[in-house]
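Colleague: output the structure for:
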Amino acid sequence: MSKSIFKRKRFWLGLAVTIFFLWMVFRKVDMQVLTNALVQANYIWLVPGLIVYLLGYLVRAVRWKYLMKSIKPVSWQRLYPPLILGFMVNNVLPARAGEFVRAYIVGKREGISKSSVFATVVMQRVYDGLVMVLFAVVVLGFFKLPAGPDNSRFVELVNLIIKLTAVLFVLLFAFFFAIITWKEWFTRALSRLTKKLPDSLRQPVEHILHSFIDGLLVLRNRRDSLLALGFSVLAWSGESATYYFVLRAFDVVLPLYAAVMLMALVNLGIMLPSSPGYIGPFEFFGVGTLLLFGVDKSVSLPCILVIHAMVWLPITLWGFYYMWTMKLSFREMEAVSTEGPANE
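Modeller: Numbers count the residues shown, from 1 in each chain. Next up, the predicted model:
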């Protein structure tokens, strides 16, 4: 039986990261000022923000449909519940556990390889990373950020994260494209490597690896690949609009590109290990990004707290609803997330 995810070192590492970033964010914060800002906000702005945010998940489901076409045609309506459920699990379990969960659910429901489905999940994350890096680079390249000496270290951190993530996602995309382009060569290379494994492991490992490669076959279809990229841009543009509407609720009037930058840097920042729900890094990178635009912490922190709640709570509740309707237990979700590819 797999070890509980809460008994693993990565959970405690994430918790330590969360505590550190929360300390960085909340130190020297006047709690009375923070409370007043939360009470006095004009929450009517959250209505269009929530609508746009939820529509973004519909767009993601449509994107997943195109990435799945090379494995098996599946309607976006069939993919939508596992998508929401996966994001819910990401919100309540550490280490992006939801990515394994939604691959497991779709593979089981559709009667296809879970490793192939997981490959399409990985491709979604690669597209997401490329789009957020693109957004950040465009903003930095075309708009002058009013950064001052007080946030020079944060600017250095931002530049480092953008460079590292750009290299990571470009290399991942190039590597996956190379695997599909020279599939036969990679298949032979994998066979030579797996021959060194014991007989009891060789066949299941080969099956998982070959199934994963099959899940990348969408990259051979230029039209579907470009559509997936386009839907990625649309989904994250919608989420940027959500951030913009929440800022307006606190009477923070900034250019739209500031909301785009905020969304991109927050989502790149939460790639760091943390406790479930990305608590800590989300607030740190949110407050730091708004400081670049001259927004004081006493104003930016309540904005970020509401944004975080808005992107966490609805999807989490919705995911629990799907877990109930699909008769799945939380223990089963935890087991799937800890076993990962072994679920094949």
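
Colleague: centre of the chain to the helix or strand containing residue 335, how far?
Modeller: Applying DSSP states H and E as the criterion places residue 335 in helix 330-339. Taking Cα atoms, centre = their mean, to the nearest Å, one finds helix 330-339 lying 19 Å from the centre of the chain it belongs to.

Colleague: could you do stretch 37-46 as well?
Modeller: 27 Å.

Colleague: cool, and stretch 14-23?
Modeller: That offset, for stretch 14-23, works out to 19 Å (Cα atoms, centre = their mean).

Colleague: average pLDDT for stretch 71-79?
Modeller: For stretch 71-79, the mean per-residue pLDDT is 95.

Colleague: what's the neighbour count on residue 23?
Modeller: Residue neighbour count, defined by other Cβ atoms under 10 Å, stands at 11 for residue 23. C-betas here are computed from N, CA, C, even on glycine.

Colleague: quick check: it vs residue 32, distance?
Modeller: 20 Å (Cβ to Cβ, to the nearest Å).

Colleague: next one: residue 62
Modeller: Residue 62 is 46 Å from residue 32, by Cβ to Cβ.

Colleague: with just CA atoms, put stretch 317-333 into CSV.
Modeller: The C-alpha coordinates for stretch 317-333 follow below in CSV (Å, rounded to 0.1, in the frame of the first residue of the first chain):
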residue,chain,number,x,y,z
LEU,A,317,-16.5,23.1,-4.2
TRP,A,318,-17.4,22.2,-7.8
GLY,A,319,-14.8,19.5,-7.7
PHE,A,320,-16.2,18.0,-4.5
TYR,A,321,-19.6,18.0,-6.2
TYR,A,322,-18.2,15.9,-9.1
MET,A,323,-16.4,13.6,-6.7
TRP,A,324,-19.8,13.0,-5.0
THR,A,325,-21.7,12.4,-8.3
MET,A,326,-19.0,10.1,-9.6
LYS,A,327,-19.0,8.2,-6.3
LEU,A,328,-15.2,8.7,-5.7
SER,A,329,-13.7,8.7,-2.3
PHE,A,330,-11.1,11.1,-1.1
ARG,A,331,-8.9,8.2,0.0
GLU,A,332,-9.0,6.9,-3.6
MET,A,333,-7.9,10.3,-4.9
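
Colleague: picking up where we left off before, neighbour count: residue 62 and residue 32, which is higher?
Modeller: Higher neighbour count among residue 62 and residue 32: residue 62, with 19 against 8, using other Cβ under 10 Å.

Colleague: which one is the more buried one nearest to, not counting chain neighbours?
Modeller: Distances taken as Cβ to Cβ, 6 or more residues apart in numbering put residue 76 closest to residue 62, at 4.7 Å, once the chain neighbours are dropped.

Colleague: so residue 281 makes contact with residue 265?
Modeller: No. Shown here, residue 281 and residue 265 do not form a contact pair, counting by Cβ atoms under 8 Å, at 10.5 Å.

Colleague: pLDDT below threshold where in the stretch 51-200 of the chain?
Modeller: 95, 144-151 (pLDDT under 70).

Colleague: appreciated, that's everything.
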